[in-house]
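Undergrad: Generate coordinates for the sequence data below:
(chains A and B)
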Amino acid sequence: MAQKSLHAEKVSRTVLTVVFSVIAVLWVYPVFVVILNSFKLNTFVKTNTFAFPTGEMFAGFKNFIKGMTFGNYPFFKSALYSLIITVASTALILICTAMTGWFIARVDNKFCRILYLICVFSMVVPFQMVMFTLSKTADVLKLNTPWTIPVIYLGFGAGLAIFMFTGFVKGVPKEIEEAAYIDGCGPVRTFFTIVLPILKPTLISVGILEIMWIWNDYLLPYLVLDRTKYMTIPIHIQYLKGSYGTVDLGATMALILLSIIPVIVFYLLCQKHIIKGVAAGAVKG
Amino acid sequence: MAKKGKKSSTSVLKRPIIKWSPLFVGPTLAAFILGFIWPFIRGFALSFTKFRTTSDAKFLGFSHLFDNYINAFKDPSFLHAFWYTALFTVVSVILINVLAFAVAYALTQKIKGSNLFRTVFFMPNLIGGIVLGYIWSMIFDGILSKMNTSILLETRYGFWGLIILMCWQQIGYMMIIYIAGLQAVPEDMLEAAKIDGASKWQTLFKVTIPNVMPSITICFFLTLSNGFKLFDQNLALTGGQPFNFKEDGSVVKTTEMLALNIYNTFYGQNTAARGTAQAKAVLFFILVAVLGLIQLRYTRKREVEQ
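TA: As a prediction, the model looks like this:
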């Protein structure tokens, strides 16, 4: 009897594997369709969306060349700005909010508690509430370039990061830090040589969440950046689709493919950290 | 509660850290004021004024204090967007959570290749909303063009299209959270249920689900707020089309959700409507914040219970 149910379980597991294999194939299919259409001539994208780009439909790398030079703004420039903004903003957020999180957890006075409450509060404020005034403030203060927009990201994205860092620091015993201090190590050195290494797992989690947010963010940079000079990948793609009467779908798909390749490579490389980061961010957020 | 005991032993580090507060808190606080607190307060104040840019704002006066808010409620496109968003959110919350839980439950049953499946299902989360919208608009139009129609031509296509898109994107994310919750269910509890002769379904409903309630709460509120705040995907997939032109000259964009409606009111042709737009934004904020506070109370209560 026990053997029989064991056998039944084995069968049901195999069935599950087969079912999930089919679903998994369906799950990546949309990306596969993007690849197909990025090599297809524009006129066939709409009529033969799911066909292989063979024969007269095949466009070679024409779509890629067209997409890269479409409009009057080169795509690689957008990609470069996306990269600069993501890296700089994430770095700034990590350094500043890690310090603030530690400060809030260790000092824990009235000011800290108020600051912490405002941070939690900022997490539930939708961007539409501040978008108009924020973009004006950014214009006035010249925070509208890829090199200064990290300040805006720090301001608007600080909430979750501080929340996570404070929560983590509260669980770390402060005896090590105190011992270091008594041995003559100042607070700044204590933070950078002792606390920061302990914070590593949270740094990775917060970093992953911020990267995923900033790299894909559309509306904030769209409203804040000086669009005549600077674009990011999402802005560029939206711009191509939005501003031309007849869109070259083949070229758009080529650009979409170019924009998701680095993301998927990044995902495959840091998969473990990404999944851990998401789980950590969710449990606390 | 436990905090009070700790407090008595003030750290020797406290004073030196406070001395360095310009470094530790200064930059974050400055950016926080510029990027959040100041725009928030100004945005709130602007909702009681008439303005085209932030510098020409004129206070509406006490007798007309809530004019912008009244205009917001009078706007049929805003009311439509509210109900459309609410309906969309209810459907997407149910579908995403049920499916994500089912997938997570199956993948924690030690089946072959579960790591690979997890990788694949999570993948769409890495792709941005705008790009997602365009990928799926191509796919839906590829299917619908065979029937001589388009996703831009019928509201129900736009609705279900967006539901499918959001399922594709979010099931993987919620699945990760559910898997983390399921893996934390004590093994001996499951074993005890088995020994006591509980069936698989009984174990699921009486042991597993009560134990993953925290994950369910989190996912429920995450999908809820994601649904209400949805913008990029909505803009890229249909952009509000098809439009419904009313006899009185107003236009209702039938697949337009709240965030997009606010955006269009702000940056549309009629710059005189910006006061209304800001009022809509405040109402939107209150709605999202209330949901967030309910969540906070829920999770806090649970922490106390534990």
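Undergrad: Tell me who's in contact with residue A:131.
TA: Going by Cβ atoms under 8 Å, 6 or more residues apart in numbering or on different chains, residue A:131 touches A:219-220, A:223, B:263, B:266, B:281. The C-beta positions use only the backbone N, C-alpha and C, and glycine is treated the same way.
Undergrad: ok, for the residue of chain B found nearest chain A, nearest residue in space, not its chain neighbours?
TA: Nearest residue of chain B to chain A: residue B:35, at 1.8 Å (Cβ to the nearest Cβ). Leaving out its chain neighbours, the residue that sits closest to residue B:35 by Cβ to Cβ, 6 or more residues apart in numbering or on different chains is residue A:155, at 1.8 Å.
Undergrad: Test my guess that that neighbour contacts residue B:29.
TA: No - using Cβ atoms under 8 Å, residue A:155 makes no contact with residue B:29, being 9.5 Å away.
Undergrad: From the neighbour counts alone, determine which of the two ranks first.
TA: residue A:155 (28 against 20; other Cβ atoms under 10 Å in any protein chain shown).
Undergrad: Could I get the buried residue list for the helix or strand hosting that one?
TA: If you go by DSSP states H and E, residue A:155 is part of helix A:149-170. The neighbour-count check on helix A:149-170 (16 or more other Cβ atoms under 10 Å in any protein chain shown) flags A:149-169 as buried.
Undergrad: ditto for stretch A:230-240
TA: In stretch A:230-240, counting by 16+ other Cβ under 10 Å, buried: A:230-240.
Undergrad: same deal with stretch A:170-190?
TA: Applying 16+ other Cβ under 10 Å to stretch A:170-190 flags A:172, A:174, A:177, A:180-181, A:187, A:190 as buried.
Undergrad: Equivalent analysis for stretch B:131-147, please.
TA: For stretch B:131-147, using 16+ other Cβ under 10 Å, the buried residues are B:131-142, B:144.
Undergrad: quick one: which of the residues you listed is nearest residue A:145?
TA: Within the buried residues of stretch B:131-147, the smallest distance to residue A:145 is 24.0 Å, found for residue B:131 (Cβ to Cβ).
Undergrad: burial count for the nearest residue to that closest one once chain neighbours are set aside?
TA: Closest residue to residue B:131 apart from its sequence neighbours, by Cβ to Cβ, 6+ apart: residue A:256 at 5.4 Å. Here the count is done by other Cβ under 10 Å, and residue A:256 has 27 residues near it.
Undergrad: ok, now residue B:49?
TA: Neighbours of residue B:49 using other Cβ under 10 Å come to 18.
Undergrad: Please apply the same query to residue B:33.
TA: 15.
Undergrad: hang on, it packs against residue A:154?
TA: No - here residue B:33 does not reach residue A:154: they are 11.0 Å apart, not a contact under Cβ under 8 Å.
Undergrad: which one of the contacts of residue A:131 sits closest to residue B:54?
TA: Nearest member of the contacts of residue A:131 to residue B:54, counting by Cβ to Cβ, is residue B:266, at 11.9 Å.
Undergrad: Tell me how far residue A:108 lies from residue A:187.
TA: 15 Å (Cβ to Cβ, to the nearest Å).
Undergrad: now do residue A:180
TA: 10 Å.
Undergrad: most centrally placed residue in chain A?
TA: Geometric centre of chain A, nearest residue: residue A:212, 1.1 Å, by Cα atoms, centre = their mean.
Undergrad: Contact partners for the residue in the stretch 101-250 of chain A positioned nearest to chain B?
TA: Proximity to chain B, evaluated over the stretch 101-250 of chain A using Cβ to the nearest Cβ, is greatest for residue A:155 at 1.8 Å. Residue A:155 makes contact with B:31-36, according to Cβ under 8 Å, 6+ apart.
Undergrad: returning to what we had before: in strands, which of the buried residues of stretch A:230-240 appear?
TA: Among these, DSSP state E puts none in strands.
Undergrad: domains for the chain, by residue range?
TA: Just going to use chain A. Residue ranges for the domains of chain A, per automatic domain parsing: A:2-68, A:75-247.
Undergrad: Sorry, I should have been clearer: chain B.
TA: With automatic domain parsing as the reference, chain B has domains B:13-46, B:70-305.
Undergrad: Out of those domains, flag the one nearest residue A:62.
TA: Nearest to residue A:62, of the domains of chain B and by Cβ to Cβ, is domain B:70-305 at 17.8 Å.
Undergrad: tell me the pLDDT at the nearest residue to residue A:78 once chain neighbours are set aside?
TA: Leaving aside its chain neighbours, residue A:78 sits nearest to residue A:236 (4.0 Å; criterion: Cβ to Cβ, 6+ apart). If you check residue A:236, the pLDDT there is 87.
Undergrad: re the thing from before, quick check: the gap between the residue nearest to the centre of chain A and residue A:149.
TA: In terms of Cβ to Cβ, residue A:212 sits 17 Å off from residue A:149.
Undergrad: Can you give me the buried ones in stretch A:253-262?
TA: Judged by neighbour count (16+ other Cβ under 10 Å), stretch A:253-262 contains these buried residues: A:253-260.
Undergrad: Give me the contact list for it.
TA: A:31, A:34-35, A:37-38, A:40, A:45, A:63-64, A:66-68, A:70, A:75, A:79, A:233, A:236-237, A:240, B:126-127, B:131, B:134-135, B:138.
Undergrad: if I read this right, residue A:68 contacts residue A:75, doesn't it?
TA: Yes - at 4.6 Å, residue A:68 counts as touching residue A:75 under the criterion of Cβ under 8 Å.
Undergrad: Among these two, which residue is more densely surrounded?
TA: Higher neighbour count among residue A:68 and residue A:75: residue A:75, with 23 against 16, using other Cβ under 10 Å.
Undergrad: Checking the residue nearest to residue A:14 when sequence neighbours are not counted next. Helix, strand or coil?
TA: Closest residue to residue A:14 apart from its sequence neighbours, by Cβ to Cβ, 6+ apart: residue B:112 at 7.7 Å. Secondary structure, DSSP: H, G, I helix; E, B strand; the rest coil: residue B:112 is coil.
Undergrad: Quick check: phi and psi at residue B:112.
TA: Phi and psi for residue B:112, reported as degrees, to the nearest 10, are phi -70, psi 140.
Undergrad: Next: residue A:184.
TA: phi 100, psi 20.
Undergrad: so what's residue B:241 up against?
TA: B:152-153, B:158, B:253-255.
Undergrad: so how far is the helix or strand hosting residue B:39 off the chain centroid?
TA: If you go by DSSP H and E, residue B:39 is part of helix B:38-46. Chain-centre distance of helix B:38-46: 22 Å, with Cα atoms, centre = their mean, to the nearest Å.
Undergrad: just checking, what packs against it?
TA: Contact analysis of helix B:38-46 by 3 or more Cβ pairs under 8 Å, 6 or more residues apart in numbering or on different chains; DSSP states H and E lists helix A:127-140, helix B:274-305 as its packing neighbours.
Undergrad: hmm, 6 Å instead?
TA: Counting by 3 or more Cβ pairs under 6 Å, 6 or more residues apart in numbering or on different chains; DSSP states H and E, the packing neighbours recorded for helix B:38-46 are helix A:127-140.
Undergrad: Name the spans of the chain whose pLDDT lies under the cut-off.
TA: Let's take chain A. Where chain A drops to pLDDT under 70, the residues are A:1-4, A:71, A:242-246, A:282-285.
Undergrad: try chain B instead
TA: B:1-10, B:299-306.
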